[in-house]
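1. Got a sequence here, can you build the structure:
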Amino acid sequence: MELSELIRARRARERGAILKDAPIRVTLAYPNTYKVGMASLGFQVAYKLMNAEPDAVAERVFLEELPGELITYESGRRAGEAEIFAVSIAYELDLTNLARLLVRSRIEPLREKRDERDPLVIVGGPLTSSNPWPLAPFADVILIGDGEETIPALFEAYRNAGSKTEFLDLIEGLPGVFLPDRMTREPHFATARPETLPAAAQFVTPDAEFPNTFLIEVERGCPRPCTFCLARVMYGPTRNVPLERVLAAIPEDVPKVGLIGAALTDYPWIKELSRALVERGQEFSYSSIRADRVDLELAELMRAGGMKSFTFAADGPSQRLRDLLKKQITTEDLLRTAKIAREAGFRRFKLYQMIGLPTETEADLEEMVELTVELSQYARLALTVSPFVPKRHTPHFADRFAGVKTIEKRLKFIAKKLGRHRARVELRSVSARWAWVEAVIARGGPEVGLAALRLVERENYARWREALSAVGWNDPLNQPEPAAPAPRVTVAL
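-> Numbers count the residues shown, from 1 in each chain. The predicted structure is shown next:
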């Protein structure tokens with residue numbers, strides 16, 4: 001199948017595309033597949049904001065499975081034929097995909113090699129708030145914070161500038177604007193005013209990761225103090241959108257609504273909103289559930305809204321480690337909520353845990369297994385175990401990544417302990433090797449971006465290590481294995 005045919009088929013199944021003509025052509029790219037990109041509310045909001053500018057038109061591009069030069073979904077023009085090439089990037093592991101996007105769009109990937117004739121490359125999205133530095137080799141402009149504030153300011157400057165240099169002069173110093181070749185420190189985050197919210201979807205499509213789902217963010221920010229999470233840093237103070245504004249923004253003819261918030265069950269009107277959607281006949285899902293905020297009424301509303309499984313995020317394998325992370329969730333909360341969920345009719349649970357945390361011991365993992373087994377008495381449980389990845393802008397910035405061998409050893413320990421309970425517990429795990437790559441990107445500098453560029457053709461764990469070595473990367477906090485105390489010697493993989 002030709003890419004143009006694939007795009008036409010997807011376009012025929014989606015609603016929300018904006019077709020217009022304007023002098024400022026923008027390619028809005030997502031460094032992953034259509035399925036993943038169309039499940040990103042931030043990407044959809046950027047599309048909506050850019051097309052709201054009367055003299056601009058933004059057209060979508062994704063990193064397609066089919067080979068060849070990329071073209072836009074709206075008009076089929078070549079992705080690189082634009083004044084602005086904007087990218088929304090959410091995850092560390094999409095860093096190499098950013099380089100691939102530029103290469104497949106026939107744009108010189110390195111900023112220092114582009115000139116006035118090339119499109120402006122502007123990068124925004126959650127990763128820029130977490131760590132913009134690996135993006136620096138590629139981007140002319142990095143936007144940090146809420147697009148509701150940065151995007152309109154960007155276009156105001158662009159229409160008043162006579163050249164790329166003049167444009168950069170005009171935006172330098174604006175909130176949330178980071179210019180890699182001019183600034184040595186990241187700017188303050190741009191924080192959206194409450195009146196610009198809620199962020200709501202532009203598209204509904206059966207081909208997204210969340211099929212036929214209208215996404216809407218009912219709160220931004222997080223009141224919780226979890227030390228491992230970036231939500232408070234990235235999104236600023238908690239802004240709860242009034243219930244009536246949320247309901248007014250949700251079309252009544254969409255079959256399903258995805259309710260988004262960092263601490264969704266802390267939203268003051270979560271029950272009223274859920275009840276209103278049930279009365280409309282719309283299904284819904286929650287992006288997050290806090291075990292300490294669930295009662296039988298809420299659980300029954302979740303079931304009435306079509307939710308099939310109940311998700312817990314314990315995050316720390318033991319109560320000691322949950323307290324260390326300031327998770328504010330107790331074992332009693334988790335067990336009580338499991339009982340409530342069972343009473344409300346849920347027959348499947350999902351439990352998310354992290355391992356490789358600072359000071360973690362075998363006793364902590366034993367406690368996690370005991371909790372998992374106990375929860376599985378209420379319903380069949382899928383346990384997803386992820387390695388802990390320390391992030392910038394958190395208290396864990398200076399904590400060492402546990403190491404690939406250490407993580408793999410602990411996963412085997414958990415699997416063995418759960419062995420005779422596997423009829424009721426399904427164990428899923430995130431790759432320790434890719435968690436290490438994520439940790440490198442999460443705390444790395446521009447040299448990590450240069451390493452990613454070397455992996456455009458082929459990317460795996462071993463090649464990441466080779467590419468990092470080639471660019472002179474050296475970070476003792478992110479070595480595959482931590483140095484062992486003398487006299488033992490640890491040999492790198």
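
2. Could you pull up the contacting residues of Arg193?
-> Glu148, Glu149 (CB atoms under 8 Å, 6 or more residues apart in numbering). Every residue, glycine included, has its C-beta placed from N, CA and C.

3. and the gap between Lys326 and Pro225?
-> Shown here: Lys326 relative to Pro225, a distance of 5 Å by CB to CB, to the nearest Å.

4. more neighbours, these two?
-> Lys326 (15 against 12; other CB atoms under 10 Å).

5. close enough to count as contact, the more buried one and Cys229?
-> No - using CB atoms under 8 Å as the test, Lys326 is too far from Cys229 to be in contact (9.5 Å).

6. how about the strands of the stretch 351-493 of the chain, start to end?
-> Along the stretch 351-493 of the chain, counting by DSSP state E, counting those that start in this stretch, strands occupy 380-387, 425-429.

7. just how off-centre is the first one within its chain?
-> Okay, so that is strand 380-387. 19 Å (CA atoms, centre = their mean, to the nearest Å).

8. tell me which strands and helices that strand is in contact with?
-> Counting contacts by 3 or more CB pairs under 8 Å, 6 or more residues apart in numbering; DSSP states H and E, strand 380-387 is packed against strand 348-355, helix 362-375, helix 404-417, strand 425-429, helix 432-443.

9. Output those as TSV; include the columns mean pLDDT and mean neighbour count.
-> What follows is those, written out as TSV (pLDDT from 0 to 100; neighbours: other CB atoms under 10 Å):
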stretch	mean pLDDT	mean neighbour count
strand 348-355	96	20
helix 362-375	97	18
helix 404-417	96	17
strand 425-429	97	17
helix 432-443	96	23
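
10. To Gly147, which of these lies closest?
-> helix 432-443 (21.6 Å; CB to CB).

11. Determine the angle, from 0 to 180 degrees, between that closest one and strand 425-429.
-> If you take axes from the mean of the first three to the mean of the last three CA atoms, to 10 degrees, helix 432-443 sits at 50 degrees to strand 425-429.

12. CA-only coordinates of helix 432-443, as PDB, when you get a sec.
-> Output in PDB follows, covering the C-alpha atoms of helix 432-443 (Å, rounded to 0.1, in the frame of the first residue of the first chain):
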ATOM      1  CA  ALA A 432      15.500  -3.300  32.000                       C
ATOM      2  CA  ARG A 433      17.700  -2.400  29.000                       C
ATOM      3  CA  TRP A 434      15.300   0.100  27.600                       C
ATOM      4  CA  ALA A 435      14.700   1.500  31.100                       C
ATOM      5  CA  TRP A 436      18.500   2.200  31.200                       C
ATOM      6  CA  VAL A 437      18.300   4.000  27.800                       C
ATOM      7  CA  GLU A 438      15.300   6.000  29.200                       C
ATOM      8  CA  ALA A 439      17.400   6.900  32.300                       C
ATOM      9  CA  VAL A 440      20.300   8.100  30.100                       C
ATOM     10  CA  ILE A 441      18.000  10.400  28.100                       C
ATOM     11  CA  ALA A 442      16.100  11.600  31.100                       C
ATOM     12  CA  ARG A 443      19.300  13.000  32.700                       C
END
